[in-house]
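Trainee: could you look at this predicted model? Sequence included:
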Amino acid sequence: MQGGPVSGGGAQPIYLTLLTFAPLLGMLAILCIPKAKKEVIRTVAAAATLLPLVISIFLYVQDWNGTGPSHGQAGMRFVEKHGWIDSFHIEYFLGMDGISAPIILLSCLLFFIAVFSSWTINKGVKGYFALLCLLEVGVNGCFLSLDFFLFYVFWELMLLPMYFLIGIWGGPRREYAAIKFFLYTLAGSVLMLVALVAIYLQSGGLESGTFNILQLQELMKSGALQEGAPSLLGMDFQTWTFWFLFLGFAVKIPIVPLHTWLPDAHVEAPTAISVILAGILLKLGAYGMMRINFPLGTALMEPGSGTTIAIGVIGMVSIVYGAFVAMAQTDFKRLVAYSSVSHMGFVILGFAALNDMGMNGAAAQLFNHGTSSAMMFLIVGVVYDRVHHRNLNDFGGLGLKMPYYSGLATVGLFAALGLPGLANFVSEIMILIGAFNAPHTQWMAVVSVIGIVIGAAYILWTIQRVFLGKLNPKYEEITDIDGREAFCQIPFAALCVLFGVAPFLLLDVFRDSIKSLVTFLTVAGG
Amino acid sequence: MIFSDYIPDLIAIGPELILCATVLIVLLVDLWRMGRDHAVVWILAPAITFACVYGLFVAGKAYVQAVPGTVNNPLLPEFIGIVLAYAAVTVGDLWFRGADGKARDGWVPGIVCLIGVALAGYRLSGQSGAAFTSAMGDEAVQAYWGQLVIVDAFSVVFRGIVLVSLAVSTWYTIFYRPMQRGPGSRGVVEFLACLLGAHIGGMFLVGTTQLLFIFLALETLSLCSYMQAGMLKGDRRSAEASLKYIIYGSVASGLMLFGFSLLYAFGGELTLDSLAAAVKSVPRTGADDHQAAAGVLITVGLLSTVGGLAYKLSLVPFHFWTPDVYEGSPTPTAAFLSVGSKAAAFGVLLRFVSGLTGDINWAPSLVALLAFVAAITMTYGNLAALRQPNLKRLLAYSSIAHAGYMLMGVCAVFQFERDAAGAVTGSAFLSTGYEAIVFYLIAYLLMNLGIFGVVIYLANKTGSEEIDDLRGLGWKSPWVSGALIVFLLSLTGIPPTAGFFAKYYLFYATVKAGYLWLVIIAILNTVVSLFYYFRIAKELFLKTEEQALFSAPRSVLLAGCVILLAAATVWFGLAPDGMNDAVVKAATSIHAQVGR
């Protein structure tokens, strides 16, 4: 797993720091530019998001080749480790493995595209792009942190920019949507904070504790954290911290009973923010589960245990419920939002299967849903910019007037539908096979197929209502997609096709990391 | 004994005296600026001062001679400090009643105050050197004036907090419009004198372990606060605030004094150390009738004392005065009440509760009671804040909630050893509890002072302290509003701010002491608090610039102060190690004292 030369001596690469903090420099630069110079601000934002994108492509390729410096720690590459808050043993500890490499690439790509898709925003340009850059710092930092405290700081750092991006630049009910998003996510993350505090205390606290995620996982698995640990409501230490963390991450995904912030946030957010929200913020919850939550609960993650069944049921319910609710929507954006709930349910189901196939599928689904949902929101954005409504029943025949747009949109929508040959098919089928192979999730896989069928139904119905049929005479004057909008969508369309036809380009990157994760979770003492 | 004998002591005294001298200078400079020829005052001021000093000379001399072994300790200067403050206020007040009420700015007296604060800070850092170098054990505790005033790392840190609160409140007073042009304009100087006096009281409060002196310091603090609250003369709400504060306050003082008398009746001693020794003599089990009666005395005594302090801390159910007083009093006063006054009261509460209760058999019940009060206080404060339309009222409830959080730290000081049946067999003090609360106080100092600064800044322009009237102002003054966002994040407890780390520290200490349920209540409260804190952010930024009622306020110096506080809030959130050193030393010092 760890090929390639080890970087010489004590010198640590700074790729990951650059990747994380380049947008922060961009933000500071933007704050120094007079607010009248809108073009300059946009250009700086594009540059600030381009640099991480270039780095992440470079790192992805290195990871795919299996080269690149390694620190020899659980397959982590490009590791950076410095003391930060020494009295609390908090470290500035970044690293990247196969699980984070694709998702970082996705994140950087989404932010870069988001800048272009926000090019037409004219109100408070300076604040908008500054917050967008700050948001990228939080997101990238989260994916790269290997110190639990650092992770939490980045995790919370995302809340504020999101609040303002939805609340200031959003639609008519933006104030409600923004605070709802903020409250839900904070409620989840404070639960995480309690678990964080308790785990740190059990690891030795101020005297000898650690926040090193990898170390904590080993300690938790060996049972070293359990001694004299506080129980809660009759649950032992590992159980209640597991569920606290799970809730914290699940709000972000979101799982079904906790999902109600999502449609509101999506519908009210400006297009680019919806893209980022669906494309990458939802992935954070799932990523956090893989990176932090599950490895800290190995005792519960026995295949067939009550916990895995519960998680599987949550995934299944999200898939089916999300699909049915999406079908009932008349607002285009709301439909896409609920389809996200459904598609993220697959990720949870893949986790619950707890085998290589399911877990690989889940990791691939994270990436593929990132591209396809981002594209769907861009599709909605294009038409909304022209007609200023999103009522599905009020379109019709747009394909006649907007052929290029319809062509691109069809790729995105078919990808979301799970058409073979496009990327989502690969990941969803892997999840279903994985879940079917695991005895405890077998019946759930069967039930979840309903979600796919319904998914096909609502997407085809949408295509029919928007692009096909007779042209609604209101839209005689409508113009086709312009160069900028096409530029935003083409990379995603290309990725959907590329990873659909050649999925090994994606799967090879995280295969080893996923394998060691599954082994860690399922093999005792491993 | 002649005066010159005391000169070395005068030089060696603490920062408090410098502040007192400042009060005098403020008043005298103002007299001079008036350009009036009121010979009466010029004679009266030195005369009253001299009389007070002389009286204290006599009293102090008698005290020094009566208590053996304290001859070398400078009893006198700190007493001079208090009396001078009051003398100065009185004299100033006499003078200004005759003035014509012409509007005067507070620049000159304000700057003089700040020079005094700077000098006092310099002296304090001198004291801190000795207190910090060896923060362990007895040798770090320097006792002055027959154990009346002690200087240890704990008191130095708390006095530092009070001093910063004073400096910032003074700076705010200079810019606070109602004080400059509005109903308070006739009393800027008296106001500053009261502010100084109150902070002197606060500094003494955390620097003593003697019951009577605690009471005196607390009354100094309280009386000056009452006067400040009513200083917007002609504003009905200000008068109401002052009256309410006095009435509640006197009940609390009486309660506390009653508690002290019982403690004295129990131990026959006035210092906490001796009382603690007496408490230890009551056996944990198998007490005879006499000892049981003593137990009752100390129970009631302690509860009354804690009740009196709870009033200062505005803990439920002693919180009723808080919203009205915050709303009605001048904003710099509200800032002081929420920070300086609270810090001082927490300092003395920590000394009391951990000094006296550790060894008594009902200590677990008392701590459970405190934990319960903490839970109720934070929940009440946060829920009540949800629907407040007035910014200062909202901050009053927020400060109630934060007092609840900090009380968790007091509970976290205690760790009880239990046998298998759950009976308490022993107790220990956890240093982390002290650390957490001191850290929290420092973070709270930065963020709460900051947010009151923003209130002054914005209200100076709008003339209103209603949240609705702030709409759209974020676009007009982005820097100050940005600073406000930092304070709101910090108060909610979201990284990367000092408030987050403080909360984290507090949760850590509380979980360590075994109060997981309390932490869970606190985190739920955190979520609730987000809602009302961000109502302010919503008005500022989520409304458009066109909806704004007012143009942007311009006051670079006030904005600078606020932005500086915001920067400090972020800095200590990112690099808390910077202040953790002082925090740990303070905690170690009191931990060593109570553990004796």
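Mentor: Received it, and whenever you're ready, just let me know what you need.

Trainee: from now on I want contacts and neighbour counts done on CA atoms only, so please keep to that.
Mentor: OK.

Trainee: now do the contacts for the closest residue to chain A within the stretch 351-500 of chain B.
Mentor: Using C-alpha to the nearest C-alpha, the single residue of the stretch 351-500 of chain B nearest to chain A is B:Pro495, 5.5 Å away. Residues in contact with B:Pro495, defined by C-alpha atoms under 8 Å, 6 or more residues apart in numbering or on different chains, are A:153, A:156-157, B:489, B:501, B:573.

Trainee: cool, and A:His89?
Mentor: A:83, A:206, A:208-211.

Trainee: looking at the residues you listed, spot the one nearest chain B.
Mentor: Chain B lies nearest to A:Leu206 out of the contacts of A:His89, by C-alpha to the nearest C-alpha, at 8.7 Å.

Trainee: what's the neighbour count on the closest one?
Mentor: A:Leu206: 16 surrounding residues under other C-alpha atoms under 10 Å in any protein chain shown.

Trainee: for it, what are its contacts?
Mentor: Neighbour list for A:Leu206: A:87-89 [criterion: C-alpha under 8 Å, 6+ apart].

Trainee: quick revisit: from the contacts of A:His89, which would you call buried?
Mentor: Among these, those buried by neighbour count (16 or more other C-alpha atoms under 10 Å in any protein chain shown) are A:206, A:209-211.

Trainee: in strands only, show me the contacts of A:His89.
Mentor: Judged by DSSP state E, the contacts of A:His89 include A:Gly83 as members of strands.

Trainee: could the contacts of A:His89 go into TSV alongside distance to A:Lys180 and pLDDT?
Mentor: Listed next are the contacts of A:His89 as TSV, based on distance: C-alpha to C-alpha, whole Å; pLDDT from 0 to 100:
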residue	distance to A:Lys180	pLDDT
A:Gly83	36	84
A:Leu206	36	79
A:Ser208	39	81
A:Gly209	35	84
A:Thr210	34	86
A:Phe211	30	88
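
Trainee: confirm A:Glu80 sits in a strand?
Mentor: Yes - membership of A:Glu80 in a strand is supported by DSSP: H, G, I helix; E, B strand; the rest coil.

Trainee: so it makes contact with A:Pro13?
Mentor: Yes - counting by C-alpha atoms under 8 Å, A:Pro13 is a contact partner of A:Glu80 at 6.8 Å.

Trainee: give me the more crowded residue out of these two.
Mentor: Per other C-alpha under 10 Å, whichever of A:Glu80 and A:Pro13 has more neighbours is A:Glu80, with 22 against 15.

Trainee: what about the closest residue to that one other than its chain neighbours? Give its phi and psi, please.
Mentor: Nearest non-adjacent residue to A:Glu80, counting by C-alpha to C-alpha, 6 or more residues apart in numbering or on different chains: A:Leu94, 5.1 Å away. Dihedral pair for A:Leu94: phi -110, psi 150, per degrees, to the nearest 10.

Trainee: please name the bridge partners of A:Leu94.
Mentor: Beta-bridge partners of A:Leu94, counted by DSSP bridges, are A:Glu80, A:Ser145.

Trainee: what sits against it?
Mentor: A:Leu94 neighbours (C-alpha under 8 Å, 6+ apart): A:16-17, A:78-81, A:144-147.

Trainee: closest to B:Ser551 among these?
Mentor: Of all the contacts of A:Leu94, A:Thr17 has the smallest distance to B:Ser551: 41.1 Å, by C-alpha to C-alpha.

Trainee: could you measure B:Gln291 against B:Val279, distance?
Mentor: Here B:Gln291 is placed at a distance of 10 Å from B:Val279 (C-alpha to C-alpha, to the nearest Å).

Trainee: neighbour count winner among those two?
Mentor: B:Val279 (22 against 15).
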